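Visitor: Sequence first, then the predicted structure:
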Amino acid sequence: MSDRFDGRVALVTGSTGMAGSAARALAAEGARVFVASRTPAHARDLAGEIRSAGGLSGWVAADLALEGAVEAAVESCVGTFGRVDLLYSVAGISGRRYGDGPLHETTLDGWQAVLAANATSQFLVCRSVVRRMLAQDPRPDGTRGAILLMSSALATDPAPAHFATHAYAASKGAIDAFARAVAAYYAPDAIRVNAIAPGLIATPMSARAQIDPAILAYLARKQPLAGGPIAADAITDVALFLLSDAARMITGQVVRVDGGWSVSEPS
């Protein structure tokens, strides 16, 4: 593996699926990785796995929709490793079991739960990290940090027959606009902000979809490059590029990594 993240501190929110894949890859390429996740066992196990492989990692359990918990989590990262150079904000929920669905069925509690977990959490984490990036010394090349947020193909390309979760789509659309606005404001401070908009990924959160024959048949046509759910590692490859110096001229972009979702129209 390369050492393109050697000496950098990466905060990753979430501890399974895309977050777990990226945390392992960042550590393998030299980053010191701090994991923040709602589920203590998952965060602890991921950090332990990284350390067992020879990497440096810390973790904290936190509800990232709560302001105090986010501040404490970022402080714990900085306290452990001295700074934060990279943020990959992955943690979120699908929302269906909270009351999300088609608009006429979505409950107010469901709407608020999904917006809190998917949009408010990324706002809080991003705000806390930007404050620390502005306060700490820049790197020798003058850069202060790179931030990558998590959007979704459903923000721009609905799939009403199988994924009618309107609060979820709204929460991810908010991330698209947020990423562009924040990127524009902090570009003069050498802080880059981008987002990834994946299609349906093979993660624990999509377990229901992965065993539904109708959805699998749909994905075979909707995500033709994958022929079904996309492997989490395929997202990690793009995420690490966007967090690396190779993408130092890229900010304010929402990058679709969707296996063809946005350009395919299944019958």
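Guide: In hand now; what should we look at?
Visitor: what mean pLDDT would you report for the host helix or strand of residue 242?
Guide: Element membership for residue 242, per DSSP states H and E: helix 232-243. For helix 232-243, the mean pLDDT works out to 97.
Visitor: which parts of that helix are buried?
Guide: Judged by neighbour count using 16 or more other CB atoms under 10 Å, the buried positions of helix 232-243 are 232, 234-236, 238-240, 242-243. To be clear about C-beta, it is placed using only N, CA and C from the backbone, and glycine gets the same treatment.
Visitor: Next: stretch 157-174.
Guide: 157, 159, 163-174.
Visitor: Centre of the chain to it, how far?
Guide: Mean-position distance between stretch 157-174 and its chain equals 17 Å (CA atoms, centre = their mean, to the nearest Å).
Visitor: Now do the end-to-end distance for that stretch.
Guide: Stretch 157-174 stretches 14 Å from its first residue to its last (CA to CA, to the nearest Å).
Visitor: ok, residues contacting that stretch?
Guide: Residues outside stretch 157-174 that contact it (CB atoms under 8 Å, 6 or more residues apart in numbering): 92, 94-96, 100-103, 106, 110-111, 114-115, 117-119, 150-152, 154-156, 197, 209, 212, 214-215, 218, 222, 258, 261-262.
Visitor: can you give me the strands in the stretch 51-200 of the chain?
Guide: 56-61, 86-89, 145-150, 191-198 (DSSP state E, counting those that start in this stretch).
Visitor: Name the residues of the next helix or strand after the last one that are buried.
Guide: This points to strand 191-198. Next helix or strand after strand 191-198 toward the C-terminus (DSSP H and E): helix 207-210. Buried residues in helix 207-210, counted by 16+ other CB under 10 Å: 209-210.
Visitor: Likewise for stretch 86-103?
Guide: By 16+ other CB under 10 Å, the buried positions in stretch 86-103 come out as 86-96, 98-101.
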